[in-house]
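Enquirer: Fold the following.
(4 chains, ligands or ions: 2)
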Amino acid sequence: MYQEVILDHYKHPHGRGLRDGDAEVHHVNPTCGDEITLRVKYDGATVADVSYEGQGCSISQASASVLNDLLVGKELAEAQKIQATFLELMQSKGQIEPDDAMEEVLEDAVAFAGVSKYPARVKCALLSWMAWKDATAQALGDGAERKTA
Amino acid sequence: MYQEVILDHYKHPHGRGLRDGDAEVHHVNPTCGDEITLRVKYDGATVADVSYEGQGCSISQASASVLNDLLVGKELAEAQKIQATFLELMQSKGQIEPDDAMEEVLEDAVAFAGVSKYPARVKCALLSWMAWKDATAQALGDGAERKTA
Amino acid sequence: MTQLPGLLDTEAIRKDFPLLDRVIHDGKKIVYLDNAATSQKPRQVLDALNAYYEQSNANVHRGVHVLAEEATALYEGARDKVAAFINAPSRDEVIFTKNASESLNLVANMLGWADEPYRVDAETEIVITEMEHHSNIVPWQLLSQRTGAKLKWFGITDDGRLDLSNIDEIITEKTKIVSFTLVSNIMGTINPVDTIIRRAQEVGALVCIDASQAAPHMVLDVQALQADFVAFTGHKMVGPTGIGVLWGRQELLEDLPPFLGGGEMIETVSMSSSTYAPAPHKFEAGTPPIAQAVGLGAAVDYLTAIGMDKIAAHEHAITEYAVKRLSEVEGLRIIGPTTAEDRGATISFTLGDIHPHDVGQVLDELGIAVRVGHHCARPVCLRYGIPATTRASFYLYSTPAEVDALVEGLEHVRNFFG
Amino acid sequence: MTQLPGLLDTEAIRKDFPLLDRVIHDGKKIVYLDNAATSQKPRQVLDALNAYYEQSNANVHRGVHVLAEEATALYEGARDKVAAFINAPSRDEVIFTKNASESLNLVANMLGWADEPYRVDAETEIVITEMEHHSNIVPWQLLSQRTGAKLKWFGITDDGRLDLSNIDEIITEKTKIVSFTLVSNIMGTINPVDTIIRRAQEVGALVCIDASQAAPHMVLDVQALQADFVAFTGHKMVGPTGIGVLWGRQELLEDLPPFLGGGEMIETVSMSSSTYAPAPHKFEAGTPPIAQAVGLGAAVDYLTAIGMDKIAAHEHAITEYAVKRLSEVEGLRIIGPTTAEDRGATISFTLGDIHPHDVGQVLDELGIAVRVGHHCARPVCLRYGIPATTRASFYLYSTPAEVDALVEGLEHVRNFFG
Ligand SMILES: Cc1ncc(COP(=O)(O)O)c(C=O)c1O
Ligand SMILES: Cc1ncc(COP(=O)(O)O)c(C=O)c1O
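Expert: Ligands and ions are numbered 1, 2, ... in the order given. Next up is the predicted model:
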């Protein structure tokens, strides 16, 4: 499961650190103690920034870094599509072999396909993504869905 | 376990029926519903009578009949010895093969040796004997032990 | 050999059950008619247990090593199987316990510690029936003693049915919970769930169904039943000992407080306070009966492959035959329904004046295993003024020849003590 | 191969445990170092389970047929074995539960519903420690919430020992019960029972010992311990899942009220009231984990044949070696006692900044099974300000070569994430 890409993001996280934002959330995975504090900044419907601080395993750290790469600069609708696709992949229990279409959407994040085979680690990979969804709902109000999975 | 002797006592119980006594007890085996009402009459230290009424299985009924045979007319000390010997036999889990000495004490009651192999039935065989012990303690006061096993 | 319509291929089925080849008392092959007490286990269930222990044994949840992942998948997979078996709307509604008794105590305790609107207290009433197994009586007596709630019950008619004539007085606006058995473990009676549930819903009472004698023998569909809780036990349905099930409606399980506290049932713990995991884990404290759940999953697979409707039909045919044959035995009186209508394959009876202990013992000497006593349903014996009954209970592997053996055995008993 | 004084003949012992031959991840033989979570099972225990199900399976007690007699003798025979294993004064003091968690909840609930002088209520105090498994925390938190009793606890020192410096303020005249673990499941610490018991006896408090991590690994003598209750669990001591034990002093078990109600635990039942059987049956509602008790009996036979003192010596040698080797790993910090004195063969550690999940996962890929997380002892992690630990735990079949494999694996982990 430790793809080179994942290790790279873990060792050299992108966009780490807390910067100015419209909303901040703090998410915890109680079973393993992984934590993340995440802020989103919107410029209209564009994801202007996603900044974060956290502690946890390589999977949760790398996943936050990948998220930053993928979502910053995207339109909200596009970002939500990426989030949904990542969620789908992670919940696939190793059953989805990412195809070209998925790779186009997820880029580096397809490296997490292997993680989906490990139920205990799926939550780690999703931590920052759930935090982003939640923060977005707070920043933009009820227009974006609020529910976290 | 159904020795001819046991069946005989069951079909033709000796001394059954309630007669005049010094003390009366009512014992129940809650797990199977066997019941006995038993009275003892003493003439000094001599067991003058043991009378009883009850309902229950052949083992509990035959055992009361055998008790009546064995104990009526005996001196208390002798009767207690018989009771103790019967108790020992019944708690032997089929490990005691009654010898001549035991047969001399227990007479017909050695037929119950086979019952001791069946834990669920030992209580049936002992019901009247425990009742007798209890009634005797009541009739004679603390001189005879009170504890029932 | 007697052929009845609806019988299963018992010759094939019996090959799966090693114990049915057991020989006792110098060469007598066992005739096992004590299925209401516990069932025998097929090779498939034993294989599942052995495979679990030999290849995948580990503690479940929270582990990242292969064995822990496998054990968790097997354990949670068993939950999926049980959920499908009872047609549960969600797998999260299936709680594993150690037996049906724990399941029923769990319901009683959840309601005792609940907040409104569920809370059972001195102002409220609990309803059970005179036909219950002690495991569906004592928990409610304890709850009633400890909360002051009033315990009420339905009586039984002369022919072994629930007497619902006064249902509106028994189930009232004060009733918080109605708990009753779907099938009587002593008389085999199948109870009219609909009538009771309709009245309970009218007054807003919760309904708990003891399906211990139903789950092994018929299609059990918790959605069709419309109850709030359904309890049953693994060992009676070709599963291992040490595992029971409580199904409960999700909203209730979310709202109700936990019962046993410990590992696995928490979300987060500090010395001063804890929060709880969502159901079903909230109600599963400590290392669960992992191997036993896996075994129950295999049991459910086994029963499903044969088909619960086919098993029910088989048992109905056997019951019809047994009721007919038994009523030919002189002095035999069936305690409970005397026809095969609305009854399961559990038949209690008395035989003249002969005490059930003697009946059972002599049958045993012939190799026939029946149960004697009050069958943990003493109020039924009290109701009929008898100390005990002899009970023969059949299952998917029972044959008409075994009914014949029982009837012959009873004739022998009559002669022996006659 | 490394030879240490006091080692058992692990080559012979390992042949008894089928799972230890398990091969994972393309040909890596498993190195099972998750024994504090659960132990593997020897062939002898699996054989006992199979023999029970294939030859003697029946419901226990009250039956007059051969199978019921056999099953009862096997089940009650297991009680005799467990009683002998812990040197209980009487077999009737041994209660079978489903796991240690149920045993601990049983104690908490007995005391909550008890009459004086045992009753825990708003005027009284409960004492535990910061080192407990959640299963010895949450039941007492629940009891405290439900009765108003105050919950107090002993803290932990920097080197993983109980801080008893303020024992006289923690255990006071108000204390009704002191419940603590004999061996920590996260740090391996062996606690000073005598000191705590002496103080508890001074103030007349009852003492409950959680021996879940002790019973598998050392001689456990309940008379020598002088506690009032001792709880442990079968699956950690080469027994099956689904079975636990509570030992309690006879007078207490006689005086204290029942917890779960149902079949088997009664003396007589009528609709309006019931009386209870004497202990241990009073506390065993419903069909017990029969096969699992039989399996635990076989486990106890297995351990006894090897000798608990020999097992303790073996584990001590392994621990000494492991502590030494682990401290050679750069960046590794042991959480808990850093020598082999007064500690068991369970060693928790952190490795630099590498998250335990990553440590565990990479070890798993090498075939090494350790546990990572808070090990159901989250207050210990909070105490040391860490989210989780990696825990390696050894048992009678563990070898120095497995310690070496772990150390090599950790070097690999360091390089991998370095
Ligand atoms: C110290 C300690 N206490 C209690 C328990 C709970 O045991 P079980 O999960 O079998 O109930 C455990 C193990 O999980 C333990 O290590
Ligand atoms: C109707 C009924 N309810 C409850 C039980 C209790 O089941 P268990 O003994 O497995 O807890 C039984 C069986 O013993 C039963 O027949």
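
Enquirer: So for stretch C:252-262, mean pLDDT?
Expert: Taken as a whole, stretch C:252-262 has a mean pLDDT of 97.

Enquirer: first to last residue in that stretch, what's the distance?
Expert: By CA to CA, to the nearest Å, the extent of stretch C:252-262 from end to end equals 21 Å.

Enquirer: longest helix of chain A?
Expert: Looking across chain A with DSSP state H, the single longest helix is helix A:119-140.

Enquirer: who are the neighbours in contact with the residue most central in space within chain A?
Expert: For chain A, the residue nearest the mean C-alpha position is residue A:129 (3.1 Å; CA atoms, centre = their mean). By CB atoms under 8 Å, 6 or more residues apart in numbering or on different chains, the contact set of residue A:129 is A:63, A:67, A:83, A:86-87. Glycine gets a C-beta too; all of them are placed from N, C-alpha and C.

Enquirer: Give me the distance between residue C:84 and residue D:335.
Expert: 43 Å (CB to CB, to the nearest Å).

Enquirer: Correction: the previous question concerned residue C:20.
Expert: Distance from residue C:20 to residue D:335, by CB to CB: 54 Å.

Enquirer: May I have the secondary structure class of residue C:62?
Expert: Under DSSP: H, G, I helix; E, B strand; the rest coil, residue C:62 falls in the coil class.

Enquirer: What residue in the stretch 301-418 of chain C comes nearest to chain B?
Expert: Nearest residue of the stretch 301-418 of chain C to chain B (CB to the nearest CB) works out as residue C:387 at 2.8 Å.

Enquirer: What pLDDT is listed against the nearest residue to that residue once chain neighbours are set aside?
Expert: Excluding the flanking residues, the one nearest residue C:387 by CB to CB, 6 or more residues apart in numbering or on different chains is residue B:33, at 2.8 Å. The model reports residue B:33 with a pLDDT of 74.

Enquirer: for the spatially most central residue of chain C, what are its contacts?
Expert: Per CA atoms, centre = their mean, the C-alpha nearest to the average position across chain C is that of residue C:212, at 1.1 Å. Residues near residue C:212 by CB under 8 Å, 6+ apart: C:100, C:133, C:135, C:181, C:185, C:231-233, C:236.

Enquirer: quick one: low-confidence parts of chain A?
Expert: Within chain A, the stretches with pLDDT under 70 are A:31, A:142-149.

Enquirer: What are the boundaries of the strands in it?
Expert: With DSSP state E as the criterion, chain A has strands at A:23-29, A:34-43, A:46-55.

Enquirer: which one of those lies closest to chain B?
Expert: Checking the strands of chain A against chain B by CB to the nearest CB gives strand A:23-29 as the closest, at 52.6 Å.

Enquirer: Which of residue C:84 and residue D:335 has more residues huddled nearby?
Expert: Neighbours per residue, other CB atoms under 10 Å in any protein chain shown: of residue C:84 and residue D:335, the larger number sits with residue D:335, 22 against 14.

Enquirer: Can you get me a residue count around residue 110?
Expert: No chain in the question, so chain A it is. 22.

Enquirer: Actually, chain C is the one I wanted.
Expert: Residues lying near residue C:110 (other CB under 10 Å) number 22.

Enquirer: Let me know the pLDDT of it.
Expert: At residue C:110, the model reports a pLDDT of 97.

Enquirer: picking that back up, which one of the contacts of residue C:212 is nearest to residue C:169?
Expert: Minimum distance to residue C:169 across the contacts of residue C:212 is 21.0 Å, recorded for residue C:181 (CB to CB).

Enquirer: and the closest residue to that closest one other than its chain neighbours, what does it touch?
Expert: Using CB to CB, 6+ apart and skipping the chain neighbours, the partner closest in space to residue C:181 is residue C:210 (4.3 Å). The neighbourhood of residue C:210, defined by CB under 8 Å, 6+ apart, consists of C:100, C:104, C:132-133, C:135-136, C:179-182, C:231-232.

Enquirer: and residue C:210, what are its bridge partners?
Expert: As for beta bridges, residue C:210 partners with residue C:181, residue C:231 under DSSP bridges.

Enquirer: Could you measure from it over to residue B:122?
Expert: Computed as CB to CB, the residue C:210 to residue B:122 distance reads 33 Å.

Enquirer: now stretch C:242-250, how far from the centre of its chain.
Expert: Mean-position distance between stretch C:242-250 and its chain equals 12 Å (CA atoms, centre = their mean, to the nearest Å).

Enquirer: how long is that stretch end to end?
Expert: Counting by CA to CA, you get 24 Å between the two ends of stretch C:242-250.

Enquirer: Please apply the same query to stretch A:95-109.
Expert: The first residue of stretch A:95-109 is 16 Å away from its last residue (CA to CA).
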